[in-house]
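In: Structure, please.
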Amino acid sequence: MTSLPLATLLPGEAVAVTSAPPHLAVLFSPALLLPGLEEVEARLAALAPIDLPPLPAGRMVPGASCLAVYAEDGQLYRGRVAKVNGNYITIHYEDYGNSETKSPDEVLELPAELATPGPATVEVLLARQEGEAELLEEELGGELELKLEEAAGGGRVARFFRGGLELLAAEEEQVACPPVKTLAARKGTGSSS
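Out: From the prediction side, this is the model:
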């Protein structure tokens, strides 16, 4: 998130609401990152998964970059190892925000030339507690705008808008831009990893 501009409304799409205990997080795909993603997708489509080596067992750790074929569409996508549980590896597809579980032999090594640009989604931690995910998913689903600002104590604050109104504020507090209510975002979350 540190590579995104401050004080600018960034059009994009909330692709998912996830749990980042004890808070919730929104996976947001800014429109300005999509041209780089289209190039990566074209390069991935030219690869044959059978020709790619599996991720070595010693690098099969949470946070490791990888590739995997997404079960729903059979396409190859960039991801990160999210969790290792015996013979099951949870992959987080960082360009789209979804996850799935794979066997170790299905987790492939990410060629260095596909490591850039960074992921097309950014995780924005919310100052909301777990348990509200369904309500938030309904409120934030689809196209919206994200505005990042410097926080008083350092880091960044993220605010979401649709139609000029800030989302996630209580109805009586919804105001047109510039809004009043803010949501805390994790300091240092980047799209360049």
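
In: residues in contact with the lengthiest helix in the chain?
Out: The single longest helix within the chain, with elements called by DSSP state H, is helix 34-45. The contact list for helix 34-45, computed with C-beta atoms under 8 Å, 6 or more residues apart in numbering, reads 67, 75-78, 95, 113-114, 117, 120. Using the backbone N, CA and C atoms, a C-beta is placed for each residue, glycine as well.

In: can you rerun that using 10 Å?
Out: By C-beta atoms under 10 Å, 6 or more residues apart in numbering, the surrounding residues in contact with helix 34-45 are 12-13, 29, 67, 75-78, 95-96, 111, 113-121, 191.

In: Tell me the spacing between residue 93 and residue 155.
Out: Distance, residue 93 to residue 155, by C-beta to C-beta, to the nearest Å: 26 Å.

In: between those two, which one's more packed in?
Out: residue 93 (20 against 15; other C-beta atoms under 10 Å).

In: Let me know whether the more buried one touches residue 70 as I believe.
Out: Yes - applying C-beta atoms under 10 Å as the test, residue 93 and residue 70 come out as touching, 6.5 Å apart.

In: domain assignment for this protein?
Out: Domain assignment for the chain by automatic domain parsing gives 10-36+118-184, 48-110.

In: And the shortest one, end to end?
Out: Pointing back at domain 48-110 there. Using C-alpha to C-alpha, to the nearest Å, one end of domain 48-110 lies 13 Å from the other.

In: starting at the chain centroid, how far to that domain?
Out: Averaging C-alpha positions (C-alpha atoms, centre = their mean, to the nearest Å) puts domain 48-110 16 Å from its chain's average.

In: Could you give the average pLDDT over that domain?
Out: For domain 48-110, mean pLDDT is 93.

In: Kindly report the same for the longest one.
Out: Per-residue confidence for domain 10-36+118-184 averages out to 70 on the pLDDT scale.

In: intersection of neighbour lists for residue 93 and residue 70?
Out: In terms of C-beta under 10 Å, 6+ apart, residue 93 and residue 70 are both contacted by the residues 77, 79, 100.

In: name the helices or strands packed onto the helix or strand hosting the second one?
Out: Okay, so that is residue 79. Residue 79 belongs to strand 76-85 when assigned by DSSP states H and E. The contact analysis (3 or more C-beta pairs under 10 Å, 6 or more residues apart in numbering; DSSP states H and E) places strand 76-85 against helix 34-45, strand 65-69, strand 88-92, strand 99-102.
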